[in-house]
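Engineer: Sharing a model that was predicted from the sequence below.
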Amino acid sequence: MVATIFFQFVLVGLLALSTEANDDCDDVIVNCFVNPCDYSVCSANPDAECRSNYCGGCNADFYVDDVQVNCSACPEGMTFNECGSGCGPSSCDNLSNDICPLFCFAGCFCPEGLVKDRDGGDHCIPLDQCQESCEDEGEFFNDCGSPCGEPSCDERDRGKGECIESCQPGCFCDSANGFIRDENNRCIQENECPPPRCDGEGEFFNACGSPCGEPSCDERDRGKGVCIKRCQPGCFCDSANGFIRDQSNRCIQEEQCTLPGQCINEGEVYRVCSSHCGEATCAGVPQVRCANLCLSLCLCDNDNGYVRGPNGDCILLSNCQQAENCQQDETYSVFRHPCDLEESLCPGYPEPPYRPGGPPIAGCFCSEGLLRHNGQCISPVDCPPCNVVSCKVDPCLLATCGASPNARCMSNYCGGCNFTFYDSQCREVQCDGKPTY
(Lines give C-alpha, C1' and ligand atoms only; values in the text may rest on other atoms or scores of the structure.)
Protein backbone atom coordinates (compact mmCIF):
# COMPACT_ATOMS: atom_id res chain seq x y z
CA MET A 1 0.00 0.00 0.00
CA VAL A 2 1.23 3.48 -0.79
CA ALA A 3 1.90 5.62 2.27
CA THR A 4 0.72 9.00 0.99
CA ILE A 5 1.93 12.38 2.18
CA PHE A 6 -1.25 14.20 3.15
CA PHE A 7 0.23 17.69 3.02
CA GLN A 8 0.93 17.45 -0.69
CA PHE A 9 1.95 20.55 -2.56
CA VAL A 10 2.00 19.34 -6.14
CA LEU A 11 3.10 21.66 -8.92
CA VAL A 12 3.04 19.95 -12.30
CA GLY A 13 5.68 21.37 -14.62
CA LEU A 14 7.67 23.29 -11.97
CA LEU A 15 11.15 22.52 -10.74
CA ALA A 16 11.11 19.69 -8.22
CA LEU A 17 13.34 18.12 -5.65
CA SER A 18 13.22 14.87 -7.61
CA THR A 19 11.35 13.67 -10.66
CA GLU A 20 12.59 10.13 -11.14
CA ALA A 21 10.70 8.33 -13.87
CA ASN A 22 8.32 5.49 -13.05
CA ASP A 23 8.40 3.08 -15.99
CA ASP A 24 5.10 1.43 -15.03
CA CYS A 25 3.23 4.67 -14.30
CA ASP A 26 -0.02 5.13 -16.22
CA ASP A 27 -0.66 8.51 -14.60
CA VAL A 28 1.09 11.87 -14.81
CA ILE A 29 4.52 12.16 -13.17
CA VAL A 30 4.23 15.10 -10.79
CA ASN A 31 6.80 17.40 -9.22
CA CYS A 32 6.89 17.86 -5.45
CA PHE A 33 8.28 20.58 -3.20
CA VAL A 34 9.84 17.99 -0.87
CA ASN A 35 10.95 14.38 -1.03
CA PRO A 36 7.93 12.35 0.21
CA CYS A 37 10.22 10.00 2.15
CA ASP A 38 11.50 12.89 4.27
CA TYR A 39 8.16 13.07 6.08
CA SER A 40 6.80 9.52 5.85
CA VAL A 41 7.08 6.65 8.31
CA CYS A 42 5.91 3.05 8.19
CA SER A 43 4.99 2.30 11.78
CA ALA A 44 3.91 -1.24 10.95
CA ASN A 45 7.41 -1.94 9.55
CA PRO A 46 9.89 0.59 11.02
CA ASP A 47 12.84 -1.03 9.24
CA ALA A 48 11.22 -0.92 5.80
CA GLU A 49 13.00 0.97 3.01
CA CYS A 50 11.23 4.10 1.76
CA ARG A 51 11.12 4.82 -1.98
CA SER A 52 9.69 8.02 -3.42
CA ASN A 53 6.82 7.55 -5.86
CA TYR A 54 5.81 10.52 -8.05
CA CYS A 55 3.20 8.65 -10.10
CA GLY A 56 0.01 10.69 -9.73
CA GLY A 57 1.08 12.36 -6.49
CA CYS A 58 3.74 12.88 -3.83
CA ASN A 59 3.79 9.35 -2.44
CA ALA A 60 6.10 7.16 -0.41
CA ASP A 61 6.21 3.38 -0.86
CA PHE A 62 7.82 1.07 1.68
CA TYR A 63 9.61 -2.19 0.89
CA VAL A 64 11.14 -5.11 2.79
CA ASP A 65 13.44 -7.25 0.63
CA ASP A 66 11.98 -5.57 -2.49
CA VAL A 67 8.45 -6.57 -1.46
CA GLN A 68 6.02 -3.69 -0.86
CA VAL A 69 4.55 -3.76 2.64
CA ASN A 70 1.30 -2.55 4.18
CA CYS A 71 1.96 0.41 6.46
CA SER A 72 -1.61 0.79 7.75
CA ALA A 73 -1.44 -2.39 9.87
CA CYS A 74 -0.67 -1.25 13.41
CA PRO A 75 0.65 -3.17 16.43
CA GLU A 76 -1.82 -4.11 19.14
CA GLY A 77 -2.93 -1.12 21.18
CA MET A 78 -2.33 1.40 18.39
CA THR A 79 -4.65 2.81 15.75
CA PHE A 80 -3.87 3.99 12.23
CA ASN A 81 -4.62 7.66 11.56
CA GLU A 82 -4.33 9.10 8.07
CA CYS A 83 -3.91 12.61 9.47
CA GLY A 84 -2.47 12.37 12.97
CA SER A 85 -1.11 15.32 14.93
CA GLY A 86 2.62 15.91 15.29
CA CYS A 87 2.13 17.87 18.54
CA GLY A 88 3.12 16.75 22.01
CA PRO A 89 5.25 13.83 23.22
CA SER A 90 5.20 10.89 20.81
CA SER A 91 7.63 8.46 22.45
CA CYS A 92 10.01 8.14 25.39
CA ASP A 93 12.76 9.16 22.96
CA ASN A 94 10.88 12.28 21.89
CA LEU A 95 9.26 13.88 24.94
CA SER A 96 10.12 17.44 23.93
CA ASN A 97 8.05 17.56 20.76
CA ASP A 98 6.28 20.81 21.73
CA ILE A 99 6.42 22.41 18.25
CA CYS A 100 3.22 21.80 16.30
CA PRO A 101 3.74 21.56 12.52
CA LEU A 102 1.10 22.95 10.19
CA PHE A 103 0.62 19.56 8.54
CA CYS A 104 -0.43 16.10 9.71
CA PHE A 105 1.17 12.68 9.53
CA ALA A 106 -0.10 9.25 8.55
CA GLY A 107 0.91 6.47 10.92
CA CYS A 108 0.19 4.37 13.99
CA PHE A 109 -0.67 6.37 17.12
CA CYS A 110 -1.04 5.53 20.80
CA PRO A 111 -4.27 6.34 22.67
CA GLU A 112 -4.39 9.69 24.47
CA GLY A 113 -2.24 9.69 27.60
CA LEU A 114 0.12 7.00 26.31
CA VAL A 115 3.34 7.22 24.30
CA LYS A 116 5.49 4.74 22.38
CA ASP A 117 8.22 3.12 24.45
CA ARG A 118 10.75 4.34 21.86
CA ASP A 119 10.86 5.95 18.41
CA GLY A 120 9.45 3.37 16.01
CA GLY A 121 8.41 1.20 18.96
CA ASP A 122 5.38 -1.09 18.95
CA HIS A 123 4.28 -0.73 22.60
CA CYS A 124 2.28 2.07 24.22
CA ILE A 125 3.06 2.90 27.85
CA PRO A 126 2.05 5.63 30.34
CA LEU A 127 4.25 8.71 30.25
CA ASP A 128 5.54 8.19 33.79
CA GLN A 129 7.01 4.82 32.79
CA CYS A 130 9.46 6.57 30.47
CA GLN A 131 11.78 7.07 33.43
CA GLU A 132 13.18 3.63 32.64
CA SER A 133 14.72 5.15 29.50
CA CYS A 134 16.97 7.40 31.61
CA GLU A 135 19.76 4.86 31.87
CA ASP A 136 22.89 7.05 31.91
CA GLU A 137 24.76 7.70 35.13
CA GLY A 138 23.74 11.01 36.68
CA GLU A 139 20.47 11.12 34.70
CA PHE A 140 16.94 10.95 36.05
CA PHE A 141 13.38 11.30 34.74
CA ASN A 142 11.70 14.61 35.60
CA ASP A 143 7.98 14.79 34.83
CA CYS A 144 8.07 18.59 35.21
CA GLY A 145 11.44 19.70 33.87
CA SER A 146 12.25 23.14 32.46
CA PRO A 147 11.20 23.72 28.82
CA CYS A 148 14.19 26.06 28.49
CA GLY A 149 16.70 23.24 28.70
CA GLU A 150 19.43 22.40 31.20
CA PRO A 151 23.04 23.45 31.77
CA SER A 152 25.63 21.96 29.45
CA CYS A 153 29.39 22.13 29.01
CA ASP A 154 28.89 24.72 26.26
CA GLU A 155 26.13 26.69 28.06
CA ARG A 156 26.69 26.56 31.82
CA ASP A 157 23.80 28.97 32.60
CA ARG A 158 21.24 27.47 30.23
CA GLY A 159 17.81 27.09 31.83
CA LYS A 160 18.79 29.07 34.94
CA GLY A 161 17.20 32.38 33.94
CA GLU A 162 13.58 33.38 33.41
CA CYS A 163 11.52 30.78 31.57
CA ILE A 164 7.90 30.13 30.66
CA GLU A 165 5.87 28.36 33.35
CA SER A 166 5.42 25.01 31.68
CA CYS A 167 6.40 21.43 32.51
CA GLN A 168 8.62 19.54 30.10
CA PRO A 169 8.91 15.83 30.93
CA GLY A 170 12.12 14.08 30.02
CA CYS A 171 15.56 12.85 31.09
CA PHE A 172 17.60 15.51 32.88
CA CYS A 173 21.09 15.55 34.36
CA ASP A 174 21.28 15.52 38.16
CA SER A 175 22.61 19.07 38.55
CA ALA A 176 22.15 18.94 42.34
CA ASN A 177 24.98 16.40 42.41
CA GLY A 178 27.19 18.24 39.91
CA PHE A 179 26.16 16.51 36.69
CA ILE A 180 25.95 18.45 33.42
CA ARG A 181 25.17 17.60 29.77
CA ASP A 182 28.21 17.16 27.47
CA GLU A 183 28.50 17.46 23.68
CA ASN A 184 27.71 13.74 23.30
CA ASN A 185 24.41 14.20 25.21
CA ARG A 186 25.73 12.32 28.25
CA CYS A 187 25.61 13.46 31.87
CA ILE A 188 29.09 13.99 33.32
CA GLN A 189 30.57 15.83 36.29
CA GLU A 190 31.05 19.51 35.45
CA ASN A 191 34.77 19.32 36.17
CA GLU A 192 35.02 16.64 33.46
CA CYS A 193 33.88 19.04 30.72
CA PRO A 194 36.60 19.43 28.08
CA PRO A 195 38.17 22.90 27.82
CA PRO A 196 36.82 25.14 25.04
CA ARG A 197 38.77 24.96 21.79
CA CYS A 198 40.95 27.89 20.76
CA ASP A 199 41.47 27.56 17.02
CA GLY A 200 43.72 30.55 16.33
CA GLU A 201 47.46 30.14 15.80
CA GLY A 202 49.44 30.96 18.93
CA GLU A 203 46.30 30.80 21.07
CA PHE A 204 45.49 28.46 23.96
CA PHE A 205 42.77 28.00 26.56
CA ASN A 206 43.65 29.24 30.05
CA ALA A 207 41.31 28.11 32.81
CA CYS A 208 42.71 30.80 35.11
CA GLY A 209 43.62 33.73 32.91
CA SER A 210 43.91 37.33 34.05
CA PRO A 211 40.64 39.28 34.29
CA CYS A 212 42.62 42.42 33.40
CA GLY A 213 43.30 41.26 29.87
CA GLU A 214 46.51 40.45 28.00
CA PRO A 215 49.19 42.38 26.12
CA SER A 216 48.26 43.65 22.67
CA CYS A 217 49.92 45.60 19.88
CA ASP A 218 48.23 48.77 21.17
CA GLU A 219 48.80 48.05 24.88
CA ARG A 220 52.03 46.11 25.35
CA ASP A 221 51.84 46.20 29.18
CA ARG A 222 48.16 45.36 29.52
CA GLY A 223 47.48 42.79 32.25
CA LYS A 224 51.04 42.95 33.62
CA GLY A 225 50.34 45.31 36.53
CA VAL A 226 48.34 44.94 39.73
CA CYS A 227 45.10 43.04 39.13
CA ILE A 228 42.34 41.48 41.19
CA LYS A 229 42.91 37.88 42.24
CA ARG A 230 40.29 36.14 40.16
CA CYS A 231 40.44 33.53 37.41
CA GLN A 232 39.11 34.52 34.01
CA PRO A 233 38.83 31.42 31.76
CA GLY A 234 39.17 32.00 28.04
CA CYS A 235 41.42 31.97 24.96
CA PHE A 236 44.72 33.80 25.47
CA CYS A 237 47.74 34.45 23.25
CA ASP A 238 50.80 32.34 24.03
CA SER A 239 52.94 35.20 25.37
CA ALA A 240 55.62 32.75 26.56
CA ASN A 241 56.39 32.08 22.89
CA GLY A 242 56.18 35.71 21.78
CA PHE A 243 52.54 35.88 20.66
CA ILE A 244 50.51 39.04 21.22
CA ARG A 245 46.97 40.19 20.35
CA ASP A 246 46.71 42.42 17.25
CA GLN A 247 44.03 44.90 16.20
CA SER A 248 42.09 42.19 14.35
CA ASN A 249 41.92 40.05 17.53
CA ARG A 250 44.43 37.52 16.17
CA CYS A 251 47.56 36.24 17.93
CA ILE A 252 50.73 37.24 16.06
CA GLN A 253 54.42 37.50 16.86
CA GLU A 254 55.12 40.81 18.60
CA GLU A 255 57.55 41.94 15.88
CA GLN A 256 54.66 41.70 13.39
CA CYS A 257 52.73 44.48 15.15
CA THR A 258 52.25 47.48 12.87
CA LEU A 259 53.17 51.01 13.85
CA PRO A 260 50.36 53.58 14.26
CA GLY A 261 49.15 54.58 10.83
CA GLN A 262 51.04 51.76 9.09
CA CYS A 263 49.48 48.70 7.43
CA ILE A 264 51.86 46.14 6.00
CA ASN A 265 49.33 43.72 4.47
CA GLU A 266 48.07 44.09 0.91
CA GLY A 267 44.60 45.59 0.60
CA GLU A 268 44.54 47.12 4.11
CA VAL A 269 44.13 50.78 5.02
CA TYR A 270 44.56 52.49 8.39
CA ARG A 271 41.30 53.88 9.77
CA VAL A 272 41.45 56.50 12.51
CA CYS A 273 38.75 56.11 15.17
CA SER A 274 36.91 53.39 13.29
CA SER A 275 34.11 51.31 14.77
CA HIS A 276 35.28 47.74 15.23
CA CYS A 277 32.85 46.53 12.57
CA GLY A 278 33.90 48.75 9.73
CA GLU A 279 34.82 46.22 7.06
CA ALA A 280 33.02 43.76 4.83
CA THR A 281 33.96 40.09 4.52
CA CYS A 282 33.35 37.35 1.98
CA ALA A 283 30.04 35.62 2.70
CA GLY A 284 30.49 33.00 5.40
CA VAL A 285 33.56 34.65 6.95
CA PRO A 286 32.81 35.70 10.57
CA GLN A 287 32.56 39.44 11.15
CA VAL A 288 33.83 41.15 14.27
CA ARG A 289 30.96 42.31 16.46
CA CYS A 290 30.49 46.06 16.65
CA ALA A 291 31.91 47.79 19.71
CA ASN A 292 31.14 51.29 20.96
CA LEU A 293 34.83 52.16 20.97
CA CYS A 294 37.02 54.61 19.10
CA LEU A 295 39.61 52.32 17.53
CA SER A 296 42.39 53.09 15.07
CA LEU A 297 43.30 49.96 13.17
CA CYS A 298 44.02 48.35 9.82
CA LEU A 299 40.91 47.31 7.89
CA CYS A 300 40.33 45.93 4.43
CA ASP A 301 39.98 48.68 1.85
CA ASN A 302 36.32 48.12 0.92
CA ASP A 303 36.26 51.30 -1.17
CA ASN A 304 38.78 49.78 -3.58
CA GLY A 305 37.20 46.33 -3.69
CA TYR A 306 39.05 44.51 -0.89
CA VAL A 307 37.23 42.39 1.71
CA ARG A 308 38.34 40.07 4.50
CA GLY A 309 38.81 36.55 3.10
CA PRO A 310 38.47 33.09 4.69
CA ASN A 311 42.19 33.02 5.60
CA GLY A 312 42.09 36.36 7.42
CA ASP A 313 43.81 38.37 4.68
CA CYS A 314 42.31 41.04 2.42
CA ILE A 315 41.34 39.81 -1.02
CA LEU A 316 39.55 41.32 -4.00
CA LEU A 317 35.77 40.94 -4.14
CA SER A 318 36.08 38.97 -7.36
CA ASN A 319 38.17 36.34 -5.54
CA CYS A 320 35.41 35.53 -3.03
CA GLN A 321 34.08 32.07 -3.79
CA GLN A 322 30.49 33.34 -3.54
CA ALA A 323 31.07 35.75 -6.45
CA GLU A 324 30.60 32.78 -8.79
CA ASN A 325 26.99 32.45 -7.59
CA CYS A 326 25.87 35.85 -8.89
CA GLN A 327 23.31 35.83 -11.70
CA GLN A 328 23.78 37.55 -15.04
CA ASP A 329 22.32 40.90 -13.91
CA GLU A 330 23.99 40.86 -10.48
CA THR A 331 27.36 42.13 -9.30
CA TYR A 332 29.28 40.92 -6.25
CA SER A 333 29.76 44.19 -4.40
CA VAL A 334 29.74 45.89 -1.00
CA PHE A 335 26.78 47.76 0.49
CA ARG A 336 27.50 49.72 3.64
CA HIS A 337 23.84 49.76 4.75
CA PRO A 338 22.32 46.51 3.45
CA CYS A 339 18.89 47.21 4.97
CA ASP A 340 18.45 50.69 3.54
CA LEU A 341 18.70 50.00 -0.18
CA GLU A 342 16.52 52.82 -1.48
CA GLU A 343 17.20 51.90 -5.09
CA SER A 344 16.93 48.11 -4.67
CA LEU A 345 13.16 47.54 -5.03
CA CYS A 346 10.48 48.60 -7.46
CA PRO A 347 8.61 51.72 -6.22
CA GLY A 348 5.52 50.91 -4.15
CA TYR A 349 6.74 47.53 -2.97
CA PRO A 350 7.64 46.95 0.70
CA GLU A 351 11.10 48.06 1.76
CA PRO A 352 13.16 45.48 3.67
CA PRO A 353 13.27 45.93 7.46
CA TYR A 354 15.70 48.70 8.34
CA ARG A 355 18.66 47.73 10.51
CA PRO A 356 20.80 50.80 11.32
CA GLY A 357 24.53 50.42 11.77
CA GLY A 358 26.30 47.11 11.54
CA PRO A 359 29.15 46.13 9.26
CA PRO A 360 28.92 46.58 5.49
CA ILE A 361 27.78 43.51 3.57
CA ALA A 362 29.36 41.85 0.55
CA GLY A 363 27.01 39.91 -1.68
CA CYS A 364 25.22 39.58 -5.02
CA PHE A 365 23.33 42.82 -5.64
CA CYS A 366 21.57 44.15 -8.72
CA SER A 367 23.94 45.77 -11.17
CA GLU A 368 23.87 49.54 -11.51
CA GLY A 369 20.61 50.83 -12.99
CA LEU A 370 18.55 47.70 -12.17
CA LEU A 371 15.97 47.14 -9.43
CA ARG A 372 15.06 44.04 -7.42
CA HIS A 373 11.58 42.54 -7.92
CA ASN A 374 10.49 38.99 -6.98
CA GLY A 375 14.12 38.02 -6.58
CA GLN A 376 15.07 39.17 -10.10
CA CYS A 377 16.96 42.25 -11.31
CA ILE A 378 14.89 44.18 -13.82
CA SER A 379 14.89 47.57 -15.53
CA PRO A 380 12.85 50.33 -13.80
CA VAL A 381 10.55 50.49 -16.85
CA ASP A 382 9.60 46.84 -16.25
CA CYS A 383 8.38 47.41 -12.69
CA PRO A 384 4.71 46.36 -12.43
CA PRO A 385 2.09 48.85 -11.24
CA CYS A 386 1.08 48.63 -7.60
CA ASN A 387 -2.52 48.88 -6.34
CA VAL A 388 -2.49 48.82 -2.53
CA VAL A 389 -5.31 46.70 -1.07
CA SER A 390 -6.77 46.29 2.43
CA CYS A 391 -6.59 42.88 4.13
CA LYS A 392 -8.63 41.63 7.09
CA VAL A 393 -5.68 39.55 8.34
CA ASP A 394 -1.95 40.29 8.32
CA PRO A 395 -0.56 38.11 5.48
CA CYS A 396 2.48 37.24 7.64
CA LEU A 397 0.34 35.82 10.44
CA LEU A 398 0.40 32.24 9.13
CA ALA A 399 3.18 32.50 6.54
CA THR A 400 6.35 30.43 6.86
CA CYS A 401 9.40 30.07 4.65
CA GLY A 402 10.40 26.42 4.48
CA ALA A 403 13.61 27.17 2.56
CA SER A 404 14.75 29.72 5.20
CA PRO A 405 12.95 29.13 8.52
CA ASN A 406 14.71 32.09 10.21
CA ALA A 407 13.81 34.60 7.50
CA ARG A 408 11.79 37.66 8.56
CA CYS A 409 8.34 38.13 7.05
CA MET A 410 7.13 41.55 5.83
CA SER A 411 3.52 42.10 4.75
CA ASN A 412 3.03 43.15 1.13
CA TYR A 413 -0.32 44.77 0.25
CA CYS A 414 0.66 45.59 -3.31
CA GLY A 415 -2.00 44.06 -5.55
CA GLY A 416 -3.13 41.57 -2.91
CA CYS A 417 -2.59 40.19 0.58
CA ASN A 418 0.99 39.01 0.04
CA PHE A 419 4.16 38.63 2.05
CA THR A 420 7.90 38.88 1.41
CA PHE A 421 10.72 37.22 3.38
CA TYR A 422 14.13 38.74 4.13
CA ASP A 423 17.27 37.12 5.52
CA SER A 424 19.52 38.44 8.32
CA GLN A 425 21.26 40.69 5.78
CA CYS A 426 17.90 42.18 4.77
CA ARG A 427 17.97 40.63 1.32
CA GLU A 428 14.83 39.12 -0.19
CA VAL A 429 14.56 35.35 0.27
CA GLN A 430 13.02 33.01 -2.28
CA CYS A 431 10.98 30.35 -0.47
CA ASP A 432 10.57 28.13 -3.55
CA GLY A 433 11.52 24.54 -2.98
CA LYS A 434 9.48 24.02 0.18
CA PRO A 435 5.91 24.91 1.16
CA THR A 436 5.39 28.58 2.02
CA TYR A 437 2.05 28.13 3.77
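Structural biologist: Sure thing, it's come through.
Engineer: what does stretch 142-152 contact?
Structural biologist: 96, 98, 127-128, 155, 157-161, 163-164, 166-173, 175, 180-183 (CB atoms under 8 Å, 6 or more residues apart in numbering). For glycine as for every other residue, the C-beta is placed from the backbone atoms N, C-alpha and C.
Engineer: Quote the end-to-end distance of it.
Structural biologist: End-to-end distance of stretch 142-152 (CA to CA, to the nearest Å): 17 Å.
Engineer: The residue nearest to Thr331 when sequence neighbours are not counted: neighbour count?
Structural biologist: Computed as CB to CB, 6 or more residues apart in numbering, the closest residue to Thr331 that is not its neighbour in sequence is Ser367, at 4.7 Å. Burial of Ser367 is recorded as 14 neighbouring residues (other CB atoms under 10 Å).
Engineer: was I right about Ser367 contacting Cys377?
Structural biologist: Yes: judged on CB atoms under 8 Å, Ser367 makes contact with Cys377 at a distance of 6.6 Å.
Engineer: Can you pull the residues that touch both of these two?
Structural biologist: Joint contacts of Ser367 and Cys377 (CB under 8 Å, 6+ apart) are 329-330.
Engineer: Can you list the buried residues in stretch 186-203?
Structural biologist: 187-188, 193, 198, 202-203 (16 or more other CB atoms under 10 Å).
Engineer: Also stretch 238-254?
Structural biologist: Neighbour-count burial for stretch 238-254 [16+ other CB under 10 Å]: 239, 243-248, 250-252.
Engineer: would you turn those residues into JSON lines with distance to Gly77 and pLDDT?
Structural biologist: Shown next, in JSON lines, are the buried residues of stretch 238-254 (distance: CB to CB, whole Å; pLDDT from 0 to 100):
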{"residue": "Ser239", "distance to Gly77": "66", "pLDDT": "88"}
{"residue": "Phe243", "distance to Gly77": "64", "pLDDT": "92"}
{"residue": "Ile244", "distance to Gly77": "68", "pLDDT": "89"}
{"residue": "Arg245", "distance to Gly77": "63", "pLDDT": "87"}
{"residue": "Asp246", "distance to Gly77": "66", "pLDDT": "84"}
{"residue": "Gln247", "distance to Gly77": "66", "pLDDT": "74"}
{"residue": "Ser248", "distance to Gly77": "62", "pLDDT": "77"}
{"residue": "Arg250", "distance to Gly77": "61", "pLDDT": "86"}
{"residue": "Cys251", "distance to Gly77": "61", "pLDDT": "90"}
{"residue": "Ile252", "distance to Gly77": "66", "pLDDT": "90"}
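Engineer: and the least confident of the buried residues of stretch 186-203?
Structural biologist: Among those, Cys198 has the lowest pLDDT, at 81.
Engineer: returning to that earlier point: and which of the buried residues of stretch 238-254 is nearest to Leu371?
Structural biologist: Ser248 (36.3 Å; CB to CB).
Engineer: Which pLDDT value goes with the residue positioned nearest the centre of the chain?
Structural biologist: Taking CA atoms, centre = their mean, the centroid of the chain lies closest to Asn406, which sits 7.0 Å from it. On the pLDDT scale, Asn406 is placed at 78.
Engineer: sec struct for it, please.
Structural biologist: With DSSP: H, G, I helix; E, B strand; the rest coil as the basis, Asn406 sits in coil.
Engineer: That one and Ile164, how far apart?
Structural biologist: From Asn406 across to Ile164, the span is 21 Å (CB to CB, to the nearest Å).
Engineer: swap in Gln232?
Structural biologist: Shown here: Gln232 relative to Ile164, a distance of 33 Å by CB to CB.
Engineer: Those two: which is more packed in?
Structural biologist: Per other CB under 10 Å, whichever of Gln232 and Ile164 has more neighbours is Gln232, with 17 against 8.
Engineer: Would you agree that one is in contact with Ser210?
Structural biologist: Yes: assessed by CB under 8 Å, Gln232 is found in contact with Ser210 at 6.2 Å.
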